[in-house]
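**Q** Show me the folded form of this:
(chains A and B)
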Amino acid sequence: MSPLIQSLLLVTAQVIVLLAVSPFLVGLIRKVKARFQCRQGAGVFQPYADLAKLFRKQPVISTTTSWIFTATPYILFASTLSAGLLVPTFTSQTPLNFAGNIIALVYLLALGTFFLILAGLDAGSVFGGMGSSREAIVASLTEPAMILSIFAIALTAGSTNLSTIVHKTALLEGIVTDPSPHLMALAALFIVALAETGRVPVDNPATHLELTMIHEAMVLEYSGRYLALIEWAAGLKLAVFLSLIANVFAPWGIATALAPAALTIGLVVYVVKIAGLAVLIGVIECMFAKLRLFRVTDLLGVAFILALLGLLFFYILRS
Amino acid sequence: MYILLIALILCHGLGLVLPFCVPRKPQTQGIVGSVCACAASLIGITLGLSGLVAPEPVTAIVASPIPLLAFAVRLDPLASFFVLTISLAGLAASFYAMGYLKEFHGRVSVAALAALTNGFLLSMMLVVIADNGFFFLIAWELMSLASYFLVVTEHEKADVRYAGFFYLVMTHVGTAFVILTYLILFQSAGSFSFEAFRHPEQALPDGMRTLVFLAALIGFGTKAGIVPLHVWLPYAHPAAPSHISALMSGVMIKTAIYALIRVYFDFLGGQFPWWWGFLVLLVGTLSAILGVMYALMEHDLKRLLAFHSVENIGIILLGIGAGMIFQTYGLKEFAALGLLAGLYHTINHAMFKALLFLGAGSLVYATHTRNMEEYGGLLRRMPWTGLFFLIGAVSISALPPTNGFVSEWLVFQTLFLSFQFPDLFLKLMLPIAAAILALTGVLALACFAKAFGISFLALPRSAHARHAEEVPTSMRIGMAIPALLCVGLGLAPMIVVPLLDRITAPLTGVSISDKVLALDGWALAPVNMEFSSVSPPMLAAMLILGGLLGLTLAFLFGGRMVKRYYKTWGCGINLSPRMEYTATGFVQPIKRVFSTIYQPTIKLETEFLQESRYFAKQRKFEFHIEPVFEKYLYNPVVHIFMRIADRLRILQAGSLHLYLAYIFVTLVVLLLFAV
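**A** Alright, predicted model coming up:
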C-alpha cells in the first residue's frame, strides 16, 4: 500500500471514529448524571437519534441575521473536526501530524469560537449577546493555561506536535524521572477541558436559564440541521479534549505501529479510555455546583498556576 | 534598479506638484495625486522585490555641499523589504483615496492632501533606504512633519488640533533620542555614513553601546508606539483621514522597527548582553497585552484599531527580543528564526491593519460617525466592506489559515525554544511571555468579535446605519488588495520565508530557509521539524473539506432544505435595536475581571419621581477607565515643565533694553570662549 493511500485511509478512519464516538460521549455523561440523580435516564445512544431528528427538521432562521449566521455551523464543524485530526486517537502515527502542533490546535478551536460569538450577536437577541460576551471571557482565561500545560509536557518529549509527544511517551523515549510536573499539567489541562467544552462548574450544557447559560445562549436561535451541526461539533470538541488528555498523559495501549492487530487494540483501548474520562466528567457534574461567572476566574487562575508550577518543577528536577 | 529608484522619486515628485497645477476641481486634483502615488507604489513593489533577490546591495550616492551630509541610498534586503511593505500599503491606500477624498471636497484643500500623501510616502521610503545618518534624520523629520500635517487635515476641530499637537511633541521627544543615538555612533565612527557606523575606527566602549541601545529603544520606540510611549497613537491615528491612518498605523510605525533592527543587528553587529534582548521582550510583552486590553474598552472604531497597533508592535518585538537573546547565547539559527518571525509579522500587520483602517474609513464614509454603538446591521447594507473587514478581523485575531496566524505561530515557536537557554530565569520567563501572548491572542479575538459583531451584525442601531450605502468601487479595490494579501501571505509561506531569509541571513550569519521550510515548503518548522510544524495550506484544505463534509452530512441526513424565515423571539415584544447587546455590555465581564488594570469608575445617578422612590424618572450612567499612563507618568512631567516655564518667563519681560543686554552678554561670553 502506498504511503499516500495509507494516510488517506487513516485520516478517513479518524474522521469516522471521531464523528461516531462524540455523540456517544455526550450520551454517556447524561446517563451517568441520570443514574446519580436516581433517574433511569435516556439510553447512551439517544444523542444519535436526536441528531438524526434535528437534521430532518425544518430550520427557522431569524430575519435579522446575515450570512454569518448560516455559515457558522459549517465553519464550526470544519474547524473542530480539523482540530480533531491533529490529535492522536487510536494510533500515535497521525498522518496529519505535520499539519499543526498544539498552537494550531488552539487557534483552530478559536476560529470556531470566533464565528460562534459572531453568530450569537447576529440574531440581535439579548440572550445571544450575553452568551457571546461570556464565551469571550471564558475563552480568554482558558487559553494561557492550556498552552502552558501542554508546553510543560512537550518539554519532556522535545516536541509540541501532539502525535510526536504521544508516540514518544508511549514508547517511553522521553524518560519521565518524576511524574509531578506531568500531574500538575494534567490537573491544569483537565480544568481547561471542563471550561472549553462548557461543562460544570464553568457552564452547564443542560440549562436554558438566561442567568446561567453560556454556550446554550449563543446557539439559542439555531434550529434544524444548523443546530444538529453545532451539537455535533460540541460533541466533537469534547472528544478532542478527552483524546488529548487520555493520550498525552496515558498513551499506553495506543497503536504505535500500523499493524491491523495493534490498530484494533488501539481502537478498543481508546474508546475505553475516553469513556472512562466521560464518566469522570459526569461524576464531577453531579458533585459540584456551577460556579458564578466571576468565580470562574479563580478556577482558571488555579489552572494557570498549576501549569506554571509544572513547568518550574520540570526545570528544577532536570537540573 | 537605479532607473526604478529614480522613477519612484519622480512619480512621487510629480504627485507633490501636479495636484496644484491642474484646474481647481478637487476631484481631478485628488485623482491626479492618487494616480501618481499608485504608479510610484507599483514601482516601489518592483524595486522592493528586485532588491530582495539582488545578490549584492545596490548603492547610490549624491554628494551635498553640507559637510557630513551625503544623499546616500542603499538597497540591501532589509531596506528592500520595507520598501516593499510601504509600497504595498501605499498602493492600497492610494487606490482607496481616489474615492475616499470625496469626503473632503469643499472642506479642506484636496490638492494639499493629495500632495502631502505623496510626500509622506516618499519620506518613509527615504527613511528606509537612507545610507547616511544625517540624511536619515532629515528623512525621519520629513516623515514626522508630513504625517503631522496630514493628522491635522481637519484642523477646524479642536480635538484634531490637540491630537496633532500631542503627536508633534511626542514624535520630537523621540527624535531627540534618535539624534542622540546617531551622535554617539558618529563619535566613534567619525562619519555619518552607515558603513562607518558598521565598522567604526575605534570600537564603542560598553557603556556607550548600552546608551545607544537605550536611546534607540526610546527614540524609535516612541514612533513604534511601545508601552509606555504609546499614548500618542490613540490620538493621532483616529484624527487623520482614514487612508492616512492606514499608512501611519500600517507602515509608518514599522519604520521604527526597521531602524531598531538596523541599529542592533547591523550597526552594533548583533553583539549584546542578554538583558538587551530581555528588555525588548519585556517591552514587547507589555505592549502586546496592554495594547489589546485598552483596545477592548474602546468604542471609537479608529481608536480601537490604534490600540491594536500597540499590541502588534508588541508581538513583533516579542519575536525580535527573543531573537536577540538567542543571538547573545550564540544560538544563531534560533536568533534568525525570531527575527524572521518579527519581520513576517511586520508585513502581515501592515496588510491587515491597513485593511482594517480602510474598512473603518468606509464605515465613517457611509455613516459619518466613528462610534461603534451607532453602527449595526451593516453587513447587509455594505456586503463588500463587511467581507473585507471580516478578513482583516480574522487575520488580526491570528486565526488559521490567514497570515496573522502564521507569523504569530512562528513567534510562539521562538518563545518555546527558550528551553535551550542555560539560564533558569529566562527558561521560565519566555514561556510566561508565550502564555501572555496566548492571552493577547484571545483578547484580540474577543475585541474583533466585538468590533465586527456590533458594527456589522444584528439590527442597525441608528439612523446613520439604517441609511448607510456601500462605498464606491475604487475604495473597494483599495480594501481588496490588502485583503487578498492577508490570505495570500498566510497560504504561501514557502514564497515569503526564503525572501525573509535573505534579510536575516546576513544579520545573523546563518541561513535557515531550508530548515524552516519542511516537506518541500508545504510545512513550516522552527528549524527543527521534530519540535513542531504547521502547514497553513493543509489547514486551509482541511477546513474547506471539513465544511464540505458538514454540507454533505446535512444533505445526507436531512435531504433538501426548505428554510423558514421568522423574526427573532424578543420575549413577546418586537425586537428593537435598543434590546441588542452593546459594545459596552459585551466587554463588561472582561472589564470586571481585569479591573486592576482598568481601574474603572462607574457613576450611576438616578432621579426618582416625587411620588415614590420605586419609580425612576431618569437614570444617567457614566463609565470611564483610568488612563493610567497619562495620569501617573505624563501629567507629572508636563506639570514640571510648565512650572519651569513659568519661572523662565521672567527672562521674557518685553523690555527692548533687556533683550539688547542679553545680546551683549552673549557676545561677551562667546568672545571669552574664543580667547
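**Q** Kindly provide the distance from whichever residue of the stretch 101-250 of chain A sits closest to chain B to B:Glu141.
**A** When you check the stretch 101-250 of chain A against chain B by CB to the nearest CB, the closest residue turns out to be A:Gly129, at 2.4 Å. Glycine gets a C-beta too; all of them are placed from N, C-alpha and C. As judged by CB to CB, to the nearest Å, A:Gly129 and B:Glu141 stand 48 Å apart.
**Q** quick one, helices of the stretch 501-650 of chain B?
**A** Chain-ordered helices for the stretch 501-650 of chain B, with DSSP state H, counting those that start in this stretch as the definition, fall at B:513-516, B:536-558, B:583-586, B:588-593, B:595-598, B:628-629, B:635-648.
**Q** Summarise which helices and strands the first one is packed against.
**A** Packed against helix B:513-516, as judged by 3 or more CB pairs under 8 Å, 6 or more residues apart in numbering or on different chains; DSSP states H and E, are the following elements: helix B:332-367, helix B:493-508.
**Q** what distance separates that helix from the centre of its chain?
**A** On the basis of CA atoms, centre = their mean, to the nearest Å, the separation between the geometric centre of helix B:513-516 and that of its chain is 28 Å.
**Q** Output it as CSV, restricted to C-alpha atoms.
**A** Listed in CSV are the C-alpha atoms of helix B:513-516, where the atom choice follows Å, rounded to 0.1, in the frame of the first residue of the first chain:
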residue,chain,number,x,y,z
SER,B,513,15.3,28.9,4.9
ASP,B,514,15.8,25.2,4.2
LYS,B,515,15.2,24.3,7.8
VAL,B,516,12.1,26.5,8.3
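**Q** Which residues does that helix contact?
**A** Surrounding helix B:513-516, the residues in contact under the criterion CB atoms under 8 Å, 6 or more residues apart in numbering or on different chains are B:333, B:337, B:340, B:497-498, B:501, B:505, B:524-529.
**Q** go with 7 Å
**A** Around helix B:513-516, the neighbours that count as contacts under CB atoms under 7 Å, 6 or more residues apart in numbering or on different chains are B:333, B:337, B:497-498, B:501, B:524-525, B:527.
**Q** Find the closest residue to chain A in chain B.
**A** Taking CB to the nearest CB as the measure, chain B has B:Tyr581 as its residue closest to chain A, at 2.4 Å.
**Q** Report the contact partners of that residue.
**A** Going by CB under 7 Å, 6+ apart, the list of residues near B:Tyr581 reads A:121, A:126, A:129-130, A:133.
**Q** for it, phi and psi?
**A** Dihedral pair for B:Tyr581: phi -70, psi 140, per degrees, to the nearest 10.
**Q** circling back: now restrict the contacts of B:Tyr581 to buried residues only.
**A** For the contacts of B:Tyr581, a neighbour count by 16 or more other CB atoms under 10 Å in any protein chain shown gives the buried set as A:121, A:126, A:129-130, A:133.
**Q** Redo those residues as JSON lines? Include secondary structure.
**A** Below are those laid out as JSON lines (DSSP: H, G, I helix; E, B strand; the rest coil):
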{"residue": "A:Leu121", "secondary structure": "helix"}
{"residue": "A:Val126", "secondary structure": "helix"}
{"residue": "A:Gly129", "secondary structure": "helix"}
{"residue": "A:Met130", "secondary structure": "helix"}
{"residue": "A:Ser133", "secondary structure": "helix"}
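**Q** what about the strands in the stretch 101-250 of chain A?
**A** Remark: strands of the stretch 101-250 of chain A are absent; assignment by DSSP state E, counting those that start in this stretch.
**Q** got the residues of it near chain B?
**A** Proximity of the stretch 101-250 of chain A to chain B is confined to A:101, A:103-104, A:107-108, A:110-111, A:114, A:117-118, A:121-126, A:129-130, A:132-134, A:136-137, A:139-140, A:143-144, A:147-148, A:151, A:155, A:158-161, A:164, A:221, A:225, A:229 under the rule CB under 7 Å from any CB of the partner chain.
**Q** again, only this time at 6 Å
**A** In this structure, the stretch 101-250 of chain A approaches chain B at residues A:101, A:103-104, A:107-108, A:110-111, A:114, A:117-118, A:121-126, A:129, A:133, A:136-137, A:139-140, A:143-144, A:147-148, A:151, A:155, A:159-161, A:225, A:229, judged by CB under 6 Å from any CB of the partner chain.
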